[in-house]
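Asks: only geometry, no sequence info:
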């Protein structure tokens, strides 16, 4: 494993002091998967806390805030690393935090590895000897893409089930049958988890997945899907086979999510962008369970879900609140859910007025965001692909670019200052005039400041009561007293 030179020097100092430093956890897993490790966690054997601190003191100030847990933080050339002693953990109460954690430098490496959640996360690496230390068969499970619990202590921390959910989606793992059974046995302990920890795992799933549907599969297999009723309700909801040959709504949603993370918009997006797109696609059909029915369509009885997009908006909000999502995320997701079916209506082209009003309607989300959601929805019906839908989406994208609306909603051109410049004083008439101007702007009546001013002059001529009220207000004003010597 390639290590930053300052870290390698610190590891060598620990060994010179009689310690045995090991890289542990996700950095080893990622390296063995061919990914670039980002965070390096170091576990040190053979030294007590003070000896570890003395060995590292030559590299700069050490932060001993984690002393009670046997953790020492050291900043090496601007990067902070965690050096820790092996620890014993014992269950002392309910919940994710109900543990007593005690550093124990006498623990063997096999014992210390057993406290980790999954075998693929229990592999250690000796960077100075270039040696992999695998005490629980993690390399074989990594090779077979299997998540397997390391020990029976797995059940003591219910958060590990949600870790399985996001790890499966991120690394395309499946859950070992015996681990599924353990997860099912602690299903009731979900109530012990703080909502912020629940959100942390959902956020990793939303921003780091390579195959999100595998995460949903873990929730279903373990029975934990029941804790997220808006998602659970999608399971087994029928769809018209001619339009949705892939299966029920939960299956369709999984396909949509897997298609989304392959789109350039998602892959090249920031964490914030990925988050809003993933949750929008997850929630896009939340309204189907309550709207799906059989009805006659052109002489044939079919499964339909009329107005499910509108019904899905409130459910998306409820779900996001349930998992502790930031309130700002709801403002973005809800309009994307409610408007995700635009590509199924009308002809191939979109009028400029339609594009302007759409950009305004889905704000603060953008048309680029909406196109990504609609594209994922379109691609979530394998093997069906509609050339007509692809053309419509591309036309919408090009129209938004031409109107410079792909990344933002239109802003009003006519403002109060323009009315004041025409000699009007602020009054209750300003708002209806400005609102009318914005509506006309969306309709294409003008597209620059000069056009806006000309429009409002015509508006004032057509509404003489406004000018009349302004004149009456002026005549009722009392003259200001003049100063005399």
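Replies: Right, received. Where do you want to start? What you see is a predicted model; the values in this text were computed from it and never measured.
Asks: Report the contact partners of the residue nearest the centre of the chain.
Replies: Per CA atoms, centre = their mean, the C-alpha nearest to the average position across the chain is that of residue 275, at 2.2 Å. By CB atoms under 8 Å, 6 or more residues apart in numbering, the contact set of residue 275 is 203, 206, 207, 329. In short, each C-beta sits where N, CA and C put it, glycine included.
Asks: Now the helix or strand containing the last one: buried residues?
Replies: Here residue 329 is covered by helix 327-338, with elements defined by DSSP states H and E. Taking 16 or more other CB atoms under 10 Å as the neighbour-count basis, helix 327-338 is seen to contain the buried residues 329, 330, 332, 333, 334, 335, 336, 337, 338.
Asks: Need the pLDDT of the second one.
Replies: Pointing back at residue 330 there. pLDDT recorded at residue 330 is 97.
Asks: just wondering, since we're on it, how far is it from residue 322?
Replies: Distance check for residue 330 against residue 322: by CB to CB, to the nearest Å, it reads 11 Å.
Asks: ditto for residue 163
Replies: Residue 163 sits 19 Å away from residue 322, going by CB to CB.
Asks: Looking at these two now, which is surrounded by more residues?
Replies: residue 163 (20 against 16; other CB atoms under 10 Å).
Asks: I'd say the more buried one and residue 117 touch.
Replies: Yes - the pair residue 163 and residue 117 qualifies as a contact (CB atoms under 8 Å) at a distance of 6.0 Å.
Asks: Confirm that residue 72 sits in a strand.
Replies: Yes - assessed with DSSP: H, G, I helix; E, B strand; the rest coil, residue 72 lies in a strand.
Asks: Tell me how many other residues surround it.
Replies: Look at residue 72: counted by other CB under 10 Å, it has 24 neighbours.
Asks: Show me what it is bridged to.
Replies: Bridge pairing for residue 72 (DSSP bridges) gives the partners residue 83.
Asks: wait, it sits on residue 49?
Replies: Yes - counting by CB under 8 Å, residue 72 touches residue 49, with 7.2 Å between them.
Asks: which residues do these two both contact?
Replies: Common neighbours of residue 72 and residue 49 (CB under 8 Å, 6+ apart) do not exist.
Asks: So the residue nearest to the centre of the chain belongs to a helix, correct?
Replies: Yes - judged by three-state DSSP, residue 275 forms part of a helix.
Asks: what's next to stretch 159-177, contact-wise?
Replies: 33, 96, 117-118, 120, 141, 145-149, 154, 179, 183, 186, 190, 193, 197-198, 201-202, 204-205, 208-219, 221-222, 224.
Asks: Pull out the buried members of those residues.
Replies: Of these, these count as buried by 16+ other CB under 10 Å: 96, 117-118, 120, 141, 146-149, 154, 179, 183, 186, 190, 193, 197-198, 201-202, 204-205, 208-209, 211-219, 221-222, 224.
Asks: So which elements touch the helix or strand where residue 43 lies?
Replies: Using DSSP H and E, residue 43 sits within strand 41-45. Applying 3 or more CB pairs under 8 Å, 6 or more residues apart in numbering; DSSP states H and E, one finds that strand 41-45 contacts strand 20-24, strand 79-84, helix 109-113.
Asks: from the chain's centre, how far out does that strand sit?
Replies: Chain-centre distance of strand 41-45: 32 Å, with CA atoms, centre = their mean, to the nearest Å.
Asks: what's it in contact with?
Replies: Outside of strand 41-45, the residues within contact range by CB under 8 Å, 6+ apart are 11, 14, 19-27, 52, 81-86, 105, 107, 109, 112, 124.
Asks: Adjacent strands (with direction) for it?
Replies: strand 20-24 (antiparallel), strand 79-84 (parallel).
Asks: what mean pLDDT does the shortest one have?
Replies: Taken as a whole, strand 20-24 has a mean pLDDT of 97.
Asks: what's the answer for stretch 279-286, then?
Replies: 98.
Asks: repeat for stretch 73-82
Replies: 91.
Asks: Would you mind measuring the gap between the ends of that stretch?
Replies: End-to-end span of stretch 73-82 (CA to CA, to the nearest Å): 5 Å.
Asks: mind listing what's buried in that stretch?
Replies: The neighbour-count check on stretch 73-82 (16+ other CB under 10 Å) flags 73, 74, 76, 81, 82 as buried.
Asks: Quick one: distance of it to the chain centre.
Replies: 28 Å.
Asks: hmm, who's touching it?
Replies: With CB under 8 Å, 6+ apart as the criterion, stretch 73-82 contacts 4, 6-7, 10, 40-42, 56, 59-63, 65-66, 71-72, 83.
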